[in-house]
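> show me the folded form of this:
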Amino acid sequence: MVIDAKKLYEKIDEFMDKEVTLEGWIRNHRKQKEFGFIDFSDGTCFKHIQVVYDDKLSDFETIQKYHVGSAIKVIGKVVKSPKEGQPFEIQASGVILLGECPEDYPIQPKKHSREFLREVAHLRVRTNLFQAVFRVRSVASYAIHKYFQDRGYVYVQTPLLTANDGEGAGEMFQVTTMDLKNIPITKEGNVNFNDDFFSKKVGLTVTGQLEAEAFAMAYKKVYTFGPTFRAEDSNTKVHASEFWMIEPEIAFCDIDELMDIEEDMLKYIVKYVLENCKDEMEFLDKFVEKGLIEKLEKLVNSKFTRVTHEEVIKILKDAKVKFEFTPEYGEDIAKEHEKYITEYFNGPVFIKDWPKDIKAFYMKLNEDGKTVRGVDLEVPGAGELMGGSEREACYTKLKQRMDELGMKEEGLEWYLDLRKYGGCVHSGFGMGFERLLIYLTGVENIRDVIPFPRTPGNCEF
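Residues are numbered from 1 along each chain as shown. Okay, here's the model as predicted:
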């Protein structure tokens, strides 16, 4: 019976001095005159297994020709390893080639640049770095679902095709079945969408929030977790054209309760990853970001500060620091400001009560008429990690805000209906999954925490 490396590590006492069969790949192959050492991995755990074979095997010379990357079956005895830090090794009685790999295999046992590895994204997951990153991605994804499911939230799969721009930013990819070489035009010179598949202008979603609000008005607590898209021509380390978002919506919940949920959820996910990806996190701490584990443990044990946008601007203006961008009341804050604020409070910071003119139309207006009940969470070393708000629950006020911004009611009538038919105080937030992964792994480029990144000018694989 074939067993997994993970099971072998977990129950080593049970398998010691017994014969086992493993199936996996050669990660490294060191050949000597009378011995050979194979660094073996089957992907079930981060740790590799050393396989030792000698010239007593009848096919010794054949085994010595097996290249790095080849798929093999190993039959052998589990024995204690003389090598320090290695609890066991396999004394092979047979090494069978299941899938050969030529010598021009790109992932050789040497250091590769991340830029090069992006060019072979279909193979890069075979390296230690990306084995660690994408295991953390998998475990963090499970932790998110577990957090919400254990607390009675309903998981809603919101549409990827939509006729509304939920953020009002106008950065949607358009979806059409029209012949782009022969687009139908109306007498007024506009595109005639009547001939298109949906008979209207449709794009890839930028958020599942609006549809999630509809479900929150029936289930009370819901969340979405899926891909979103932005046609933003940005080539920074933290922007991608396709990325995943976690977006909970909670009825009968105000902005203060929302911040409680954000803090609790983030601490839960971080703690879960630390407990369930110990080998991967130790590797990332050693080779990617020194002090990564300490940073994450500090977050789990910290109390998140809550301040208003106005208070933040005052702190920045009083700072004995020369910023590249001057902080101003009524305006957004820059990365350097986010960094200063988290250092000033020595931990994560909720910035609330933002100027209405720089926030989305659906955020509830405060009594001052100038600010909204929006909140951003800033964390040390990453900046903004979550953005949320108490939603405007009053039909009249939401309609008035849309009019102020020149937004058409057409296509959003259903969203206004949520305020008309049994509306209530409700709040929600969004967290970019890849932003979280950058924080969890210390890998600073979003292209390296997405299996196959889509960025301006890049849609390979």
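
> mind showing which ranges of the chain have poor pLDDT?
Scanning the chain for pLDDT under 70 picks out 166-170.

> what about F193, neighbour count?
Neighbourhood size, F193 [other CB atoms under 10 Å]: 17. All C-beta spots, glycine's among them, are computed from the backbone N, C-alpha and C.

> gap between it and K408?
Remark: distance between F193 and K408 (CB to CB, to the nearest Å) = 15 Å.

> same question, D195
D195 is 22 Å from K408, by CB to CB.

> next one: T127
Going from T127 to K408 by CB to CB gives 49 Å.

> more crowded one of these two?
T127 (18 against 8).

> show me what contacts that one?
107, 112, 117 (CB atoms under 8 Å, 6 or more residues apart in numbering).

> same list, these, but as JSON lines with distance to V79 please.
JSON lines is the format used below for those (distance: CB to CB, whole Å):
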{"residue": "I107", "distance to V79": "29"}
{"residue": "H112", "distance to V79": "33"}
{"residue": "L117", "distance to V79": "35"}
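
> just the CA coordinates for stretch 428-437, please, in PDB.
Output in PDB follows, covering the C-alpha atoms of stretch 428-437 (Å, rounded to 0.1, in the frame of the first residue of the first chain):
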ATOM      1  CA  GLY A 428     -19.900  44.800   6.000                       C
ATOM      2  CA  PHE A 429     -16.300  44.800   4.900                       C
ATOM      3  CA  GLY A 430     -14.000  43.500   2.200                       C
ATOM      4  CA  MET A 431     -10.600  42.000   2.500                       C
ATOM      5  CA  GLY A 432      -8.400  41.200  -0.400                       C
ATOM      6  CA  PHE A 433      -7.300  37.600   0.000                       C
ATOM      7  CA  GLU A 434      -3.900  38.200  -1.700                       C
ATOM      8  CA  ARG A 435      -3.200  41.300   0.500                       C
ATOM      9  CA  LEU A 436      -3.700  39.000   3.500                       C
ATOM     10  CA  LEU A 437      -1.400  36.400   2.000                       C
END
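
> what segments of the stretch 251-400 of the chain are strands?
Counting by DSSP state E, counting those that start in this stretch, the stretch 251-400 of the chain has strands at residues 305-308, 349-355, 371-379, 383-390.

> surely V321 and Y340 touch.
Yes - between V321 and Y340 there is a contact under CB atoms under 8 Å: 6.5 Å.

> neighbour count winner among these two?
Of the pair V321 and Y340, Y340 is the one with more neighbours under other CB under 10 Å, namely 20 against 9.

> among the contacts of T127, which are located in strands?
Within the contacts of T127, no residue falls in strands by DSSP state E.

> where exactly do the helices run in this protein?
Secondary structure of the chain (DSSP state H): helices at 5-10, 12-15, 60-63, 114-119, 128-150, 209-219, 255-276, 278-287, 292-300, 309-318, 335-344, 395-404, 413-420, 433-441.

> distance to K181 added to those helices, as TSV?
What follows is the helices of the chain, written out as TSV (distance: least, CB to CB, whole Å):
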stretch	distance to K181
helix 5-10	53
helix 12-15	64
helix 60-63	57
helix 114-119	32
helix 128-150	40
helix 209-219	34
helix 255-276	47
helix 278-287	49
helix 292-300	51
helix 309-318	49
helix 335-344	43
helix 395-404	37
helix 413-420	35
helix 433-441	35
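
> most neighbours per residue, which of those?
Mean neighbour counts were compared across these using mean count of other CB atoms under 10 Å; the top stretch is helix 433-441, at a mean of 24.

> so how far is it from its chain's centroid?
From the chain centre to the centre of helix 433-441 is a distance of 5 Å (CA atoms, centre = their mean, to the nearest Å).

> over to stretch 87-101?
Centre to centre, stretch against its chain (CA atoms, centre = their mean), the figure for stretch 87-101 is 35 Å.

> then stretch 75-87?
36 Å.

> swap in stretch 413-425?
31 Å.

> identify the residues contacting that stretch?
If you take CB under 8 Å, 6+ apart as the criterion, stretch 413-425 is touched by 164, 210, 213-214, 217, 251-254, 390, 392-395, 398-399, 409.
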